[in-house]
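J.: curious how this folds, go ahead:
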Amino acid sequence: MGRVMLTGKTSPIPRRALRSAAGFTLLEMMVVLAIIAILVGIAAGRYDRSVRRAQEATLKSDLKTMRQAIEQYTVDKQAAPQSLEDLVSAGYLREIPVDPITQQRDWQLKFEDVLLSADQNSTGLTDVHSNSPLVSSVENTPYNTW
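T.: Next up, the predicted model:
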């Protein structure tokens, strides 16, 4: 085995030991990078799923709020609203929410000739749905059927 000369003296440390103490090998670096890439891939997938679940929860909440506002407006005014803007102008909604799936205020409005109360004297808006034809990955149903 060769010895290393340090300032004119022979060192008792073998050359191989000095080389391994100097840093990581290329193979070690590649293994570490591969592990990091796998962990990043897993984290990115979970992040996307959590964002989609949050959007779906927001959609359900917004639909519930708008449906309650439609019913309350109809009972109070004894006439169904003709648009979502009617709910805003009457103070039943602060503003028309943005659909979290389409990122727009493009709701599907459902108009029917159904009376929600005996005192109601006109028909109009009875329900609201998302305008997105995409299918929920959690419930496997289209968002526009919720």
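
J.: so for this structure, the centremost residue is which one?
T.: Geometric centre of the chain, nearest residue: Val51, 2.4 Å, by Cα atoms, centre = their mean.

J.: give me the phi and psi for that residue.
T.: phi -60, psi -40 (degrees, to the nearest 10).

J.: got a pLDDT number for it?
T.: You'll see Val51 listed with a pLDDT of 92.

J.: what does the one 10 residues further on give?
T.: You'll see Ser61 listed with a pLDDT of 97.

J.: and Glu71, how far from Asp127?
T.: Relative to Asp127, Glu71 is positioned 10 Å away (Cβ to Cβ, to the nearest Å). The way it works is simple: take the backbone N, C-alpha and C, and place the C-beta from them, glycine included.

J.: please apply the same query to Gln120.
T.: In terms of Cβ to Cβ, Gln120 sits 15 Å off from Asp127.

J.: before I go, just wanted to say thanks for your time.
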